[in-house]
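Participant: Sequence first, predicted model second:
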Amino acid sequence: MAVRERIWVGVDVGKAGHHACAVDDTGKVVFSQKVTNGQAAIEELIARVGRKARAAVWAVDMTSGAAGLLLTLLPGTGQRVLYVPGRLVNRMAGAFPGEGKTDAKDARTIAETARLRGDLTAVTHPDELVAELRILTARREDLMADWVRGINRLRELLSSIFPALERAFDYSTRSALVLLTGYCTPAGIRAAGAPGLTEHLLAGGAWPKGIPSMVDKALAAADEQTVALPAESATAPLISRLARQLLDLDREIKDFDKRIANRFGEHPHAAPITSVDGFGPILGAQLLADTGGDLRAMFGNSGRMAAYAGLAPVPRDSGRVRGNLHRPKRYHRGLRRVFYLAALSAIKVQDGPSRRFYLRKRDEGKVHTQALIALARRLVDVIWALLRDGREFHRSPTAQAA
């Protein structure tokens, strides 16, 4: 059989194994096979593709987790690797007959999408530092989700037995959690009194200057409630245990923040990124993790980067309706969150360029969210210019005016 000039290989990524399907320039299936998620099997797949065509374009529906080994071996082939998001695969599947869903069909859909579309994002192989930041930031996101869930659960339990104490404090602070590790019922707080509460808070490492105010608020809350609510004896130990778990989780998050900040500081783009108002080490590390660190290789221009982050509106015109712009449905949620949070932080800098830009948008009649998104879009251009040119954005009046 003659060797083809080019084929497109779609890979439906799985944990234990992948399914690969190759199609030629007419859409005819060249081969379709299961591949174990192991080095020898993947190298054999690469060799088979090399025997079938002089050039190949690979496409995957996942760029992390189980795809790690595959994406480590593919760059050595010198062939392009494209990313086809799962949402797009789902939509493109409707172009083929049948409603059934199989790994083989998904793999063919991925290959055909790569063959037909020229706007897919290329997958770049990140350097070791960026790959480590990707793992660390992903783990931090998991920890933060556990933190938010734990705080909400704690407040729910506390309000079921002691509503006045639940209203009295912000339980995202360590001092308030320290209080709950020992005292979370009206009778317990009254029995301890000011001396007992003060001793417990000091021993638990609460903020010393805030302890007198905390003691007064706790005693006032206890005076408001003289009855014990149902299930108090069962709920109070759960609250104390959850508070201790949240304190441990808080320490783990802070340790991760230090580790991320230290590793991020070693990257050559760290200084330019953090020179922009709104970007600190955590958001900067997340930016590198979501983009692979090489913006030019991944996007080509700032407009494509903004579209990837969901910050470039898309038209939905029909008939006589023109200029009907909406947020895109296919974008990277994590990268959009990075720029949105950066914009939210940047407007807090008094007399900074970002705040002036935000206020100008508000004066134009935009609501808060619209002005923030406009600022986030502007930050995309700023970050792109800095990392493209390899320079730092200094907050001098001249740089701000620019």
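Facilitator: The structure has been received and is ready for your questions. Residues are numbered from 1 along each chain as shown.

Participant: elements contacting the one helix or strand residue 385 maps to?
Facilitator: Per DSSP states H and E, residue 385 falls inside helix 368-389. Here helix 368-389 touches helix 270-274, helix 295-298, helix 302-308, helix 333-346, helix 353-363, going by 3 or more CB pairs under 8 Å, 6 or more residues apart in numbering; DSSP states H and E. Any C-beta I mention is one placed from the backbone N, CA and C, and that applies to glycine too.

Participant: To residue 14, which of these lies closest?
Facilitator: Closest approach to residue 14 among these (CB to CB): helix 333-346, 22.4 Å.

Participant: so that closest one versus helix 353-363, what angle?
Facilitator: Angle, helix 333-346 to helix 353-363, by axes from the mean of the first three to the mean of the last three CA atoms, to 10 degrees: 90 degrees.

Participant: now residue 284: how far from residue 373?
Facilitator: As judged by CB to CB, to the nearest Å, residue 284 and residue 373 stand 20 Å apart.

Participant: Which one of the two is surrounded by more residues?
Facilitator: The neighbour comparison of residue 284 against residue 373 (other CB atoms under 10 Å) goes to residue 284, with 26 against 20.

Participant: Pull out the buried positions in the helix holding residue 385.
Facilitator: Neighbour counts over helix 368-389 (16 or more other CB atoms under 10 Å) mark 371-380, 382-384, 386-387 as buried.

Participant: Same check on stretch 157-164?
Facilitator: Under the neighbour-count criterion of 16+ other CB under 10 Å, stretch 157-164 has 157-158, 161-162, 164 buried.

Participant: any idea which of the residues you listed is closest to residue 110?
Facilitator: Distance ranking of the buried residues of stretch 157-164 against residue 110, using CB to CB, places residue 157 first at 46.1 Å.

Participant: And the closest one, how close does it get to residue 218?
Facilitator: Computed as CB to CB, the residue 157 to residue 218 distance reads 17 Å.

Participant: Which residues does stretch 363-374 contact?
Facilitator: Outside stretch 363-374, the residues that touch it by CB atoms under 8 Å, 6 or more residues apart in numbering are 311, 340, 343-344, 347, 357-358, 361-362.

Participant: If we use 10 Å, what do you get?
Facilitator: 310-311, 313, 327, 336, 339-341, 343-344, 346-347, 357-362 (CB atoms under 10 Å, 6 or more residues apart in numbering).

Participant: who does the host helix or strand of residue 111 touch, helix- and strand-wise?
Facilitator: In this assignment (DSSP H and E), residue 111 forms part of helix 103-116. Applying 3 or more CB pairs under 10 Å, 6 or more residues apart in numbering; DSSP states H and E, we find helix 103-116 packed against strand 4-12, strand 17-23, strand 29-36, strand 53-60, strand 80-83, helix 86-92.

Participant: Out of the buried residues of stretch 157-164, the closest to residue 76 would be?
Facilitator: Of the buried residues of stretch 157-164, the one sitting nearest to residue 76 (CB to CB) turns out to be residue 157, at 53.6 Å.

Participant: tell me the pLDDT at that closest one?
Facilitator: Predicted confidence (pLDDT) at residue 157: the value is 96.

Participant: Quick check: the two most widely separated of the buried residues of stretch 157-164?
Facilitator: Every pair of the buried residues of stretch 157-164 checked by CB to CB; the farthest is 157 and 164, at 14.6 Å.

Participant: Run a quick check on residue 132 versus residue 260, I expect a contact.
Facilitator: Yes. If you go by CB atoms under 10 Å, residue 132 and residue 260 touch, sitting 9.4 Å apart.

Participant: any weak-confidence spans in this structure?
Facilitator: For the chain, the stretches flagged by pLDDT under 70 are 1, 125-126, 297, 317, 321-327, 388-402.

Participant: Just want the most central residue of it.
Facilitator: residue 334 (3.5 Å; CA atoms, centre = their mean).

Participant: Need the nearest residue in space to that residue, chain neighbours excluded.
Facilitator: In this structure, residue 334 finds its nearest non-sequential neighbour in residue 290, 5.1 Å apart by CB to CB, 6 or more residues apart in numbering.

Participant: for stretch 89-108, how far is the first residue from the last?
Facilitator: In terms of CA to CA, to the nearest Å, the two terminal residues of stretch 89-108 are separated by 10 Å.

Participant: no no, stretch 342-353
Facilitator: This stretch, stretch 342-353, spans 13 Å end to end (CA to CA).

Participant: which outside residues touch it?
Facilitator: 273, 276-280, 283-284, 286-287, 311, 339, 354-359, 362, 368, 371-380, 382-383, 393, 395, 397, 399-402.

Participant: again, 7 Å this time
Facilitator: 277-279, 283, 354-355, 358, 372, 375-376, 379, 400 (CB atoms under 7 Å, 6 or more residues apart in numbering).

Participant: next one: it to chain centre, how far?
Facilitator: With CA atoms, centre = their mean, to the nearest Å as the basis, stretch 342-353 stands 21 Å off its chain's centre.

Participant: in it, what counts as buried?
Facilitator: For stretch 342-353, by 16+ other CB under 10 Å, it's 342-343, 346-347, 352-353.

Participant: Just flag the most distant two among the contacts of stretch 342-353.
Facilitator: So, the contacts of stretch 342-353 by CB to CB: farthest apart are 283 and 400, at 20.2 Å.

Participant: neighbour-wise, which of those two wins?
Facilitator: Higher neighbour count among residue 283 and residue 400: residue 283, with 21 against 15, using other CB under 10 Å.

Participant: Sweet, I'm off.
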